[in-house]
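In: My questions concern the predicted model and sequence given below.
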Amino acid sequence: MSKPRHLCNYPGCMELIPYDQRYCSKHQYHKPIDLADKQERHRINKATYRKRMNSKHEGKYQRFYRSTAWKKLSHHWLMMHPLCVNCEAHGIYRKGDLVDHIIELRDDWSKRLDVNNLQTLCYACHNRKTWKEKQKRAGKHEQK
């Protein structure tokens, strides 16, 4: 009688493997992240996001994010679109933490309440996107 089999633990992998293994040969290198590490990383990403959102240097942008119109729109958006679109595109189903403007407010203020300019992201994906946008913006300033 053969050993029972189960799916590889790698997200999205459909490979059947022996019950006493965690990953198929393709994903053997993948080391599982324990729950405490995930929670700590989430806490750090959330703190980074909060620090940036409460910065004294943000002016009209922070007033907008505290407005009733934005709070209602973002709350409704999260109810209708609960998963992080970036993680989902990579086959990972993770709860979205916030509503992001695809085209940043700094680049087009008129799209601040445009539902076609919104997406749900987790804190990690949002922080990564924001960092990349800052790098692009810094590059444009150096070229001038």
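Out: Sure thing, it's come through. Numbers count the residues shown, from 1 in each chain.
In: max-length helix in this structure?
Out: helix 123-143 (DSSP state H).
In: What are the contacting residues of the lowest-mean-pLDDT helix or strand in the chain?
Out: One helix or strand of the chain scores below all others by mean pLDDT, DSSP states H and E: helix 35-53, with a mean of 79. If you take Cβ atoms under 8 Å, 6 or more residues apart in numbering as the criterion, helix 35-53 is touched by Gln62, Tyr65, Asp97, Leu98, Cys122, Tyr123, Ala124, His126, Asn127, Thr130. C-beta here means a position set from N, CA and C on the backbone, and glycine is covered the same way.
In: Which among these count as buried?
Out: Neighbour-count burial (16 or more other Cβ atoms under 10 Å) is assigned, among the contacts of helix 35-53, to Tyr65, Asp97, Leu98, Cys122, Tyr123, Ala124, His126, Asn127, Thr130.
In: For the third one, give the beta-bridge partners.
Out: Applying DSSP bridges to Leu98 yields these beta-bridge partners: Leu121.
In: check contacts around it.
Out: Shown in contact with Leu98 (Cβ under 8 Å, 6+ apart): Tyr49, Ser74, Leu78, Thr120, Leu121, Tyr123, His126.
In: Repeat that for the fifth one.
Out: With contact set as Cβ under 8 Å, 6+ apart, Tyr123 has these partners: His42, Asn45, Lys46, Thr48, Tyr49, Asp97, Leu98.
In: Quick check: nearest residue in space to it, chain neighbours excluded?
Out: Excluding its sequence neighbours, the residue lying closest to Tyr123 (Cβ to Cβ, 6 or more residues apart in numbering) is Asn45, at 3.7 Å.
In: before we move on, what about the first one?
Out: When the adjacent residues along the chain are set aside, Tyr65 lies closest to Met53, with 6.6 Å between them (Cβ to Cβ, 6+ apart).
In: What is the most widely separated pair among the buried ones among the contacts of helix 35-53?
Out: Greatest spatial distance among the buried ones among the contacts of helix 35-53 (Cβ to Cβ): Tyr65 and Ala124, at 19.4 Å.
In: from the chain's centre, how far out does stretch 92-102 sit?
Out: Mean-position distance between stretch 92-102 and its chain equals 5 Å (Cα atoms, centre = their mean, to the nearest Å).
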